[in-house]
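Let me see the structure of the following:
(one chain, ligands or ions: 1)
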Amino acid sequence: MPELPVDASARLQPLNSLQQILGYTEPIFNAPMAGAAGGALAAAVSAAGGFGMLGIGGNVTKEWIDSEASLAASSGRGWGAGLMAWVLAKNMDPLEHVLAHGPSFVCISFGEPGPAAALAHESGSLVGMQVGNAAELSRALEDDIDVVICRGNEGGGHGRNEVSTLPLLQLALERTGKPVIAAGGLATAAGVAAVLGSGASAAWIGTRFAAATESMSHRNIKEAIGAAGIDDTVYTSAFDIAQRIDWPVHYGGRALRNDFSDTWASDIDALKAAVGADDTLTKHVDGARAKGDISLAPVYAGQSAGLSKAGQGAAEIVADLAGFRSVLQRAARRWETA
Ligand SMILES: Cc1cc2nc3c(=O)[nH]c(=O)nc-3n(C[C@H](O)[C@H](O)[C@H](O)COP(=O)(O)O)c2cc1C
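Numbering: from 1, shown residues only. Alright, predicted model coming up:
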C-alpha cells in the first residue's frame, strides 16, 4: 500500500473519532434549519444512521425547544442543534435550554461563536461552526471550535455569498487536521462521494431534507423545492428586510425566486423605503408565510433544489445518499493504476 501523504494521515484520527463520538453510521447530517428541522426530522435522520440536527430560530420559546429536543432525543441516538451566534449575542437562553437536553453536538454560526462555544463545552457538547469565507475559516481553526463546516454559497438559507463549497473545502482540508464537514449544493450520492473522497468527515445537507416528509416546512414549500431547477434560486436580503429581521448585512439568504424577489431583490433601496414608510409590506410577507403563499413568502433553498424531490421520508433520503459507497468504489476501480 502506498504511504499516505503526511497531511492525510494526520486527518485520519479526527475523522474516525468524530464518527465514534457522535455515533453515526452514515456520514450524513441534516442541516439545522429553522422552520424546517424540528425534532421529527432530526430523530428520523439519526434513526436512519445519519446525524439529526434541530434548527433553532431567532424567536423560539423554551416550550418549543423542550418538545422538539425531546423528540430529537427519542431516537435513542446522538443528535445536535444549530443556533445563530448573532441571536445568542443578545440572549443565551435558547442555547441553555437546548443544552439541558444533552445534545452531543452544537453548531454556532453567523457571528462570533466564543461565548456560546464555552457554554456548550461546559455541558460536554462538541462545537462546530459554519464558515463561508477564508476569514471565518481562520476563526474556526481557533481552539474553541472542534468541527469546521465549510458552507459554500450554493447552499440554501442564510450564509455568505462569497465562496463555493469545493474551494472552501479544499482550503480547510489543507489548513487543518480538525474534522471538516462539507455543506452547500449536496443532494445526491455522487455529491456526497465527491466531498468524502476529498477528505470531508461528512456531508451536511439542508435543501433536500427541507423537502422531506418529516420537515416542518409548509407543504407548498416542499412541493416548490421538489419542482425547482438548479438555476431557480436568488441570493438576497430582501425577505429579511421586508420581515424586519435583523440579520447582519453580510448574511443574506438563498431562496427560490418568486414574485416578491423578482420585484424587490434588485432594488433594495426602494424596498427599505417601502418598509420604512409603513408596515403594509411586512404584513403581506408575514401573512404569506402563515398561509404558505410561496409567491410572496421566502422559500429558502439552495441550488440543490434542482436535485431534490418532495414526498420522500428522511430514511429514504439517507439510504439514497448512502449510495456514495458504490460511487467511490466505481471511481476507485476506474482510476486504479495497473
Ligand atoms: C430552509 C433552510 C433553513 C436554514 N436555517 C438554518 C439555521 O437556522 N441555522 C443554520 O445554521 N443554518 C441554516 N440553514 C443553512 C444550512 O445549515 C446549510 O448551510 C445549507 O442548507 C446547506 O446547503 P444546501 O441547502 O444546499 O444543502 C438553512 C438552510 C435552509 C435550506
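
Buried residues, stretch 160-177. List them.
Neighbour counts over stretch 160-177 (16 or more other CB atoms under 10 Å) mark 160-161, 163-166, 168-169, 171-173, 175-177 as buried. Quick note: C-beta positions are derived from backbone N, CA and C, even for glycine.

What distance do you get for the closest residue to the ligand within the stretch 201-338 of the chain to residue 308?
Distances between the stretch 201-338 of the chain and the ligand by CB to the nearest ligand atom are smallest at residue 206, namely 1.9 Å. Distance, residue 206 to residue 308, using CB to CB, to the nearest Å: 10 Å.

Give me the more crowded residue out of these two.
Set residue 206 next to residue 308 and count neighbours by other CB atoms under 10 Å: residue 206 wins out with 31 against 26.

right, and that one touches residue 34 too?
No: under the criterion of CB atoms under 8 Å, residue 206 makes no contact with residue 34, lying 10.8 Å away.

Per-residue pLDDT of residue 337, please?
pLDDT recorded at residue 337 is 77.

Please tell me I have it right and residue 252 contacts residue 241.
No: with contact defined as CB under 8 Å, residue 252 does not reach residue 241; the gap is 9.9 Å.

hang on, the earlier thing: enumerate every residue touching the closest residue in space to the residue of the stretch 201-338 of the chain closest to the ligand that isn't next to it in sequence.
With sequence-adjacent residues excluded and distances taken as CB to CB, 6 or more residues apart in numbering, residue 206 is closest to residue 31, at 3.5 Å. Applying CB atoms under 8 Å, 6 or more residues apart in numbering to residue 31 gives the contacts 37, 53, 55, 82, 157, 183, 204, 205, 206, 209.

Sort out which residues of stretch 56-65 are buried, please.
When neighbours are counted by 16+ other CB under 10 Å, the buried residues of stretch 56-65 are found to be 56, 57, 58, 60, 64, 65.

Can you pull the phi/psi pair for the first one?
With angles defined as degrees, to the nearest 10, residue 56 shows backbone torsions of phi -100, psi 110.

Surely it and residue 32 touch.
Yes: contact criterion CB under 8 Å: residue 56 and residue 32 qualify, at 7.1 Å.

joint contacts of the two?
By CB under 8 Å, 6+ apart, residue 56 and residue 32 have these common neighbours: 81, 82, 83.

Just the buried ones from these, in PyMOL syntax?
Provided next is the PyMOL selection string for whichever of the shared contacts of residue 56 and residue 32 are buried by 16+ other CB under 10 Å:
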select buried, resi 81+82+83
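
would you turn the shared contacts of residue 56 and residue 32 into CSV with pLDDT, secondary structure and distance to the ligand?
CSV is the format used below for these (pLDDT from 0 to 100; DSSP: H, G, I helix; E, B strand; the rest coil; distance: CB to the nearest ligand atom, whole Å):
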residue, pLDDT, secondary structure, distance to the ligand
81, 98, strand, 9
82, 98, strand, 4
83, 98, strand, 7
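
Can you name the residues of the chain sitting close to the ligand?
By CB under 6 Å from any ligand atom, the part of the chain that sits against the ligand consists of 31-34, 36, 55, 57, 82, 107, 109, 130, 151, 155-157, 159, 183-186, 205-207, 210, 300-302, 304.

One more pass at 5 Å, please.
Within the chain, the residues that sit near the ligand (CB under 5 Å from any ligand atom) are 31-34, 36, 55, 82, 109, 151, 155-157, 183-185, 205-207, 210, 300, 302, 304.

ok, residue 131 touching residue 141?
No: contact criterion CB under 8 Å: residue 131 and residue 141 do not qualify, at 9.3 Å.

for stretch 268-283, the distance to its chain's centre please.
Relative to the centre of its chain, stretch 268-283 is centred 29 Å away, using CA atoms, centre = their mean, to the nearest Å.

Tell me the buried residues in that stretch?
Those would be 271, 274, 275, 281, for stretch 268-283 by 16+ other CB under 10 Å.

right, and residue 40 touches residue 212 too?
No: look at residue 40 against residue 212 with CB under 8 Å: they stay out of range, at 9.4 Å.
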